[in-house]
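*Asks:* Quick one, structure for this:
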Amino acid sequence: MRRRAGRIGAREPRTWAHAEERYRAYLAVRPDDAEARLALARLLAWQAKSAAACETFSDRRVAPLMTLDDRRSYAFALAATGRTREAEALTRQLLASYPGDHDLEAQLAGLYAARRDWHAAVPLYRSLVQRRPDDPRLQLAYGHGLAALGNTSAAVEPLGNAVRALPADADAGLAYARALRAVGDAAAVREFERVLTLRPANAAVRRELGDL
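*Replies:* Next up, the predicted model:
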């Protein structure tokens, strides 16, 4: 009865929490039911309870039953909980078997960027931006990567695209202003001034504008 209640509750986001309770109660008396444990892992992942999802997905009884979507969810949960080495290994494995998955490629690029491996991250971001040019977060990450590699002139365009889409993002504006300054574009002054309207108390930005 509890397992059936959990299965029914898993159909709608509004009843996920109740379904989780039912599966936990069921597994307390039937701990060897791997299918129910996998169903619980899915519910936890859908609710962004990443640490609990990782623990449940990693159960040796669950692994043989996991689908591609389950393994993707596991990879995202690993990254969300800071288990970056495991997340990177699983994400790379999934991409080798199923190339072209946008979300997995974005996650892998983000994992590279987090450890400042821009030589690995930038080609991925370039490919992602080419496929989804209207995603400002990808444009911003791509621009950051190019600037980190010293290719500031190439970074100006994606950073500008990001700023135009995210005008209230002071970090994006600052990165764009610095890139403009690096290439000698007089528009850098205007962008620094705009960033100061977003962060008027930022003394470092004020100093950079004064130096410029």
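*Asks:* Please give me every residue in contact with the residue most central in space within the chain.
*Replies:* Centroid check for the chain by C-alpha atoms, centre = their mean gives residue 107 as the closest residue, at 5.3 Å. Counting by C-beta atoms under 8 Å, 6 or more residues apart in numbering, residue 107 touches 75-76, 79, 87, 91. (Each C-beta comes from the backbone N, C-alpha and C, glycine too.)
*Asks:* And residue 44, by the same measure?
*Replies:* Each residue near residue 44 by C-beta under 8 Å, 6+ apart is listed here: 20, 50, 52-53, 56.
*Asks:* Kindly recompute the last result at 6 Å.
*Replies:* Residues near residue 44 by C-beta atoms under 6 Å, 6 or more residues apart in numbering: 52-53.
*Asks:* Would you indicate which residues of the host helix or strand of it are buried?
*Replies:* Per DSSP states H and E, residue 44 falls inside helix 34-46. Across helix 34-46, burial judged by 16 or more other C-beta atoms under 10 Å covers 36-45.
*Asks:* Which of the residues you listed sits closest to residue 184?
*Replies:* When these are compared for distance to residue 184 (C-beta to C-beta), residue 45 comes out closest, at 48.4 Å.
*Asks:* my read: that closest one touches residue 73, true?
*Replies:* Yes: counting by C-beta atoms under 6 Å, residue 45 touches residue 73, with 4.1 Å between them.
*Asks:* tell me the mean pLDDT for the helix or strand harbouring residue 175?
*Replies:* Assigned by DSSP H and E, residue 175 falls within helix 170-182. The predicted model assigns helix 170-182 a mean pLDDT of 94.
*Asks:* so where is the chain shaky, pLDDT-wise?
*Replies:* Scanning the chain for pLDDT under 70 picks out 1-12.
*Asks:* what about the helices in it?
*Replies:* 2-9, 16-29, 34-46, 50-57, 68-80, 84-97, 102-114, 118-131, 136-148, 152-165, 170-182, 187-198, 203-211 (DSSP state H).
*Asks:* Backbone dihedrals for residue 201, please?
*Replies:* Here the main-chain torsion angles of residue 201 (degrees, to the nearest 10) amount to phi -90, psi 0.
*Asks:* Distance from the chain centre to the helix holding residue 44, please.
*Replies:* 22 Å (C-alpha atoms, centre = their mean, to the nearest Å).
*Asks:* Same check on stretch 70-86?
*Replies:* How far stretch 70-86 lies from its chain's middle: 11 Å, per C-alpha atoms, centre = their mean.
*Asks:* Lovely, talk soon.
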